[in-house]
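A.B. asks: Here's a sequence, model it:
(one chain, ligands or ions: 1)
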Amino acid sequence: MSQHSTTAPAKTESLIQCGMVCFVGSGPGDAELLTVKAVRALEAADVILHDALVTDEILALANPEATLVAVGKTGFGPSTPQDEINRLIVLYAYAGLRVVRLKGGDPAIFARLDEEIAALELEDIGWTIVPGVTAASAAVAAIGQSLTTRGRNASLRILTGHVLEGFAEQDWRSLSRPGEVAAIYMGKRAARFIQGRLMMHGADPTTPVTLVSNASRPDQHVLASSLGTLSQDLAEAELHGPALTLYGIAPRAAASALTEIRKQEVS
Ligand SMILES: C[S@@+](CC[C@H](N)C(=O)[O-])C[C@H]1O[C@@H](n2cnc3c(N)ncnc32)[C@H](O)[C@@H]1O
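C.D. replies: Model prediction:
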């Protein structure tokens, strides 16, 4: 029987044991956004297999004796194949080590968590999950906004711009209705595609679209755009690093300026 627990461990119980794997969310980059549990797991680990998006500042908090293994994936650059990642996690756990699989943001959002759990379950290896702050939360925090607002959106979509086969198809018809909000991961390169699909389905070109790159990091950057001008604004802005696209949300200052303009137009 594998020993993964679905209940919270008692305070005195060690979070991570020998021969076991702990999936840990590293958050969006700022080490101060790590949970206390994440820090405890990093301090207790013998080996840490980490994503490309995990910052050095966070890796510096790990047990100094721990072996750090980079198993990053990049959208269009060099990547460690998923089978190889699965193999390594199993290998280290079999060796009786305390293994941390450190993922950017939250391990349960676009992070291949299920595939890695399946590999462990096949070998009867125990595991546990420590959630992290996801990029969408860091991105809205950066622009002083909320992902859900009473009267604006009663639901929120979490989308990816990319799937294995290329740009991701979504339910464009429903997304193009007024008031829809989506947090789009891996959406920067897919921006023109997403723009085209939404406009084709009748979305309002003035719908706000905000990109936050490197959210929570010193090089954080905000691009306030609209659906109609998205590709052009993006080309001019030259955003670097990971970016979260917020469809239907403008930075708070821009949103209130817009409301002011509308009020003046009405009066
Ligand atoms: C493979 S997904 C992993 C998402 C991660 N599990 C999470 O919960 O944030 C990678 C994408 O997350 C987004 N992302 C991750 N970190 C980010 C950051 N600090 N700022 C903006 N977007 C980020 C980008 O869209 C990036 O392409």
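
A.B. asks: can you tell me the helix or strand for the nearest residue to residue 228 once chain neighbours are set aside?
C.D. replies: Spatially, and ignoring its direct neighbours in sequence, residue 228 is nearest to residue 205 (2.9 Å; CB to CB, 6 or more residues apart in numbering). Yep, even glycine has a C-beta here, placed from its N, CA and C like the rest. Of the helices and strands defined by DSSP states H and E, none includes residue 205.

A.B. asks: now do residue 253
C.D. replies: helix 252-266.

A.B. asks: Tell me where the protein has strands.
C.D. replies: Counting by DSSP state E, the chain has strands at residues 20-25, 47-50, 67-70, 98-103, 127-130, 157-160, 162-163, 166-167, 182-185, 208-213, 221-226, 243-247.

A.B. asks: Do any residues in the second one lie close to the ligand?
C.D. replies: Which is strand 47-50. No. Strand 47-50 lies out of reach of the ligand by CB under 6 Å from any ligand atom, never closer than 12.5 Å.

A.B. asks: elements contacting that strand?
C.D. replies: strand 67-70, helix 82-94, strand 98-103 (3 or more CB pairs under 8 Å, 6 or more residues apart in numbering; DSSP states H and E).

A.B. asks: Mind listing what's buried along the second one?
C.D. replies: What it means is helix 82-94. 85-86, 88-90, 92-93 (16 or more other CB atoms under 10 Å).

A.B. asks: which one of those residues is nearest the ligand?
C.D. replies: residue 85 (13.0 Å; CB to the nearest ligand atom).

A.B. asks: ok, the residue nearest to that closest one when sequence neighbours are not counted - contacts?
C.D. replies: Spatial nearest neighbour of residue 85, chain neighbours left out: residue 71 (4.8 Å); criterion: CB to CB, 6+ apart. Listed by CB atoms under 8 Å, 6 or more residues apart in numbering, the contact set of residue 71 reads 49-51, 80, 84-85, 88.

A.B. asks: what do you get for residue 239?
C.D. replies: 188, 211, 213, 221, 223.

A.B. asks: mind checking how far it is from the ligand?
C.D. replies: 10 Å (CB to the nearest ligand atom, to the nearest Å).

A.B. asks: now swap in residue 149 and tell me
C.D. replies: 21 Å.

A.B. asks: ditto for residue 152
C.D. replies: From residue 152 to the ligand the distance is 22 Å (CB to the nearest ligand atom).

A.B. asks: you'd agree that residue is up against residue 181?
C.D. replies: Yes. Residue 152 is within contact range of residue 181, at 7.3 Å (criterion: CB atoms under 8 Å).

A.B. asks: quick one: which of these two has more around it?
C.D. replies: The residue with more neighbours, out of residue 152 and residue 181, is residue 181; 23 against 13, by other CB atoms under 10 Å.

A.B. asks: Read off the pLDDT value for the more buried one.
C.D. replies: Each residue has a pLDDT score; the one for residue 181 is 97.

A.B. asks: so it touches residue 250, yeah?
C.D. replies: No. Look at residue 181 against residue 250 with CB under 8 Å: they stay out of range, at 11.1 Å.

A.B. asks: Nearest to the ligand among the contacts of residue 239?
C.D. replies: residue 213 (5.7 Å).

A.B. asks: per-residue pLDDT, residue 265?
C.D. replies: 59.

A.B. asks: scratch that, residue 6
C.D. replies: Note for residue 6: predicted pLDDT of 59.

A.B. asks: picking up where we left off before, for the helices and strands packed on strand 47-50, give me CSV that also has distance to the ligand and mean pLDDT.
C.D. replies: Converted to CSV, those look like this (distance: least, CB to the nearest ligand atom, whole Å; pLDDT from 0 to 100):
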stretch, distance to the ligand, mean pLDDT
strand 67-70, 15, 96
helix 82-94, 12, 96
strand 98-103, 6, 97
